[in-house]
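>>> just coords:
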């Protein structure tokens, strides 16, 4: 068993799995490209079926090229906090894959594999002293139009990244949520040999 001030695991895991969490408070300072690209490098080595590597990343530094376009995709509530992040990253997955030089065919696991890349990015950020927050509340269709994303790519998620700031910098609406959250017990997530889930 491992523990964190806000989290206790049922079985022993490495501390990083409890320490990594998704704050909304960020310090609006630039992340140098060497540090930023170490996150993408970690994501690059994630596992994928047939080594298809379907993940793609469109990023923008706060105030830099593409920032207004990515920030403009967020819903109003997320704009209230994400504007302090150092970087926004739009994560895409390629839905087709040409195996062994053949014709492109549907890649059924593109989102699953890209999730592994996102997790790798998030853990590398933690090791680098940064925080990340995945954002589902944004306009995916607008992303396609604004960025010219072809149909054979899936728009997965937006991620805010940067150094963690003080909760006091956030609107009071967010204060109660600015801490690591828990997880459902393993007994609700696992079943041996047959489907027994009730939800």
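Now that the structure is in, tell me what you want to look at. For clarity, every value in this text was computed on a predicted model and none was experimentally measured.
>>> every contact and neighbour count from this point should use C-alpha atoms.
Will do.
>>> so where's this structure uncertain?
For the chain, residues meeting the criterion pLDDT under 70 lie at 1-4.
>>> which residues of it fall in helices?
For the chain, the helices defined by DSSP state H cover 16-19, 33-44, 67-71, 76-82, 110-127, 140-147.
>>> determine the longest strand present in this structure.
strand 153-164 (DSSP state E).
>>> other SSEs contacting it?
Applying 3 or more CA pairs under 8 Å, 6 or more residues apart in numbering; DSSP states H and E, one finds that strand 153-164 contacts strand 26-27, strand 87-94, strand 131-135, helix 140-147.
>>> so what are the sheet partners of that strand and their directions?
Next to strand 153-164 in the sheet, as set by DSSP bridges, lie strand 26-27 (antiparallel), strand 87-94 (antiparallel), strand 131-135 (antiparallel).
>>> what angle do that strand and helix 110-127 make?
Relative orientation of strand 153-164 and helix 110-127, computed by axes from the mean of the first three to the mean of the last three CA atoms, to 10 degrees: 10 degrees.
>>> next, the buried residues of strand 153-164.
Residues of strand 153-164 classed as buried: 153-164 (neighbour count, 16 or more other CA atoms under 10 Å).
>>> kindly report the same for stretch 71-82.
71-74, 78, 81-82.
>>> what lies in contact with it?
24-26, 83, 88, 135, 137-140, 142-143, 160, 170-171 (CA atoms under 8 Å, 6 or more residues apart in numbering).
>>> switch to 7 Å and redo it
Where contact means CA atoms under 7 Å, 6 or more residues apart in numbering, the residues beyond stretch 71-82 that reach it are 24-25, 137-139, 142-143, 160, 170.
>>> reformat these as JSON lines; add distance to residue 32.
Output for the contacts of stretch 71-82, formatted as JSON lines (distance: CA to CA, whole Å):
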{"residue": "24", "distance to residue 32": "20"}
{"residue": "25", "distance to residue 32": "19"}
{"residue": "137", "distance to residue 32": "27"}
{"residue": "138", "distance to residue 32": "26"}
{"residue": "139", "distance to residue 32": "28"}
{"residue": "142", "distance to residue 32": "28"}
{"residue": "143", "distance to residue 32": "25"}
{"residue": "160", "distance to residue 32": "15"}
{"residue": "170", "distance to residue 32": "24"}
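>>> which of the residues you listed count as buried?
By 16+ other CA under 10 Å, these give 24-25, 138, 143, 160, 170 as buried.
>>> any idea how far the residue nearest the centre of the chain lies from residue 149?
Closest residue to the average C-alpha location of the chain: residue 134 at 4.1 Å, with CA atoms, centre = their mean. According to CA to CA, to the nearest Å, residue 134 and residue 149 sit 20 Å apart.
>>> before we move on, back to that, find the nearest non-adjacent residue to the residue nearest to the centre of the chain, please.
Leaving aside its chain neighbours, residue 134 sits nearest to residue 159 (4.3 Å; criterion: CA to CA, 6 or more residues apart in numbering).
>>> wait, doesn't residue 31 sit right on residue 64?
No: using CA atoms under 7 Å as the test, residue 31 is too far from residue 64 to be in contact (11.8 Å).
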